[in-house]
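Chemist: model this:
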Amino acid sequence: MESGERPAVEEVSTLLRAWSGGDPGALARLTPIVYDELHRLARRFMKRERPGHSLQTTALVNEAYTRLVDYKRMQWQDRAHFFAVSAQLMRRILVEHARRHNLKRGGGVQRVSLDEAAVVGGGRPADFVALDDAMNALARLDARKAQVVEMRFFGGLSVGETAEVLKVSSITVKRDWSTAKLWLYRELAGGAADGL
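Modeler: Numbers count the residues shown, from 1 in each chain. You can find the predicted model right below:
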C-alpha cells in the first residue's frame, strides 16, 4: 500500500466504526469515499459476465450498497472488513441473478474453472452458479479457506488485508489460498472433491 493511500484507509476505517457506533452523519461522509471502490469491485465482477448481461455495474453497486446500509447491527472492523463483506454481497447478488436467469431459460449449469490469478477479470466469462456451488462445498469443508477465496478472488484484497480481517498470519492466508484454489479447480473440473 502506498503511503499516499493511508489517510483514506484510516478515514474509511474511522467512519465505518462511527457508523457502527450509531453516528448518523458517518454514513453520509462514508458514501462518496467508498462508492468509487465499490464501483471498481463491481466492474471486476461484471468483466467476467457474459456480454449483454442484464445486470449493469451501477445496478450491482446500488443493490450492494442498499443491502450494506441495511446491516444496522454490523460492527465494522475496518476498510478491509467492509470490502470483504461488499465482495460477498456482490457475489450473492450475481448468483441470485444467475439462478433466476437459469430458471427462466431452463438452462443447465456449465462447469467453469477458477481464474488462476488472484486478480479477477481474465476476460473469460464465469458461471457464478457453478462457482457458488463450489464455494459452498468448500465452506462446508473449511470455512476459512472459503473466506480467503472470497476476499482474495472476489474482493481483490491483498494477502495482508485478508490476514488482517481473518486475524491469521499472511503465511496462513497464502497456504489457504493455494490449497483452496487447487480444490476449486478440481471441483469445477468435475473431479472428486473428497476433502482438502
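Chemist: how about the residue nearest to the spatial centre of the chain, secondary structure?
Modeler: Centroid-nearest residue in the chain, with C-alpha atoms, centre = their mean: residue 87, separated by 2.5 Å. Each residue gets one of three states, and residue 87 gets helix by DSSP: H, G, I helix; E, B strand; the rest coil.
Chemist: Who are the contact partners of it?
Modeler: 41, 150-151, 154-157 (C-beta atoms under 8 Å, 6 or more residues apart in numbering). (Glycine included, C-beta is placed from N, CA and C.)
Chemist: Repeat that for residue 90.
Modeler: 41-42, 45, 60, 64, 154.
Chemist: And the helices in this structure, which stretches?
Modeler: Under the criterion DSSP state H, the chain carries helices at the ranges 6-20, 24-47, 57-69, 79-105, 128-141, 143-149, 159-166, 170-188.
Chemist: okay if I get those helices as a markdown table plus mean pLDDT?
Modeler: A markdown table is the format used below for these (pLDDT from 0 to 100):
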| stretch | mean pLDDT |
| --- | --- |
| helix 6-20 | 77 |
| helix 24-47 | 79 |
| helix 57-69 | 81 |
| helix 79-105 | 77 |
| helix 128-141 | 86 |
| helix 143-149 | 92 |
| helix 159-166 | 88 |
| helix 170-188 | 93 |
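Chemist: Which member of the contacts of residue 90 is positioned nearest residue 181?
Modeler: Of all the contacts of residue 90, residue 154 has the smallest distance to residue 181: 13.1 Å, by C-beta to C-beta.
Chemist: Give me the nearest residue to the closest one, chain neighbours excluded.
Modeler: residue 87 (4.2 Å; C-beta to C-beta, 6 or more residues apart in numbering).
Chemist: Type out the ChimeraX command that picks the buried ones from the contacts of residue 90.
Modeler: Restricted to buried positions by 16 or more other C-beta atoms under 10 Å, the ChimeraX selection for those reads:
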select :41,42,45,60,64,154
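Chemist: Just give me the closest of the contacts of residue 90 to residue 100.
Modeler: Closest approach to residue 100 among the contacts of residue 90 (C-beta to C-beta): residue 60, at 14.3 Å.
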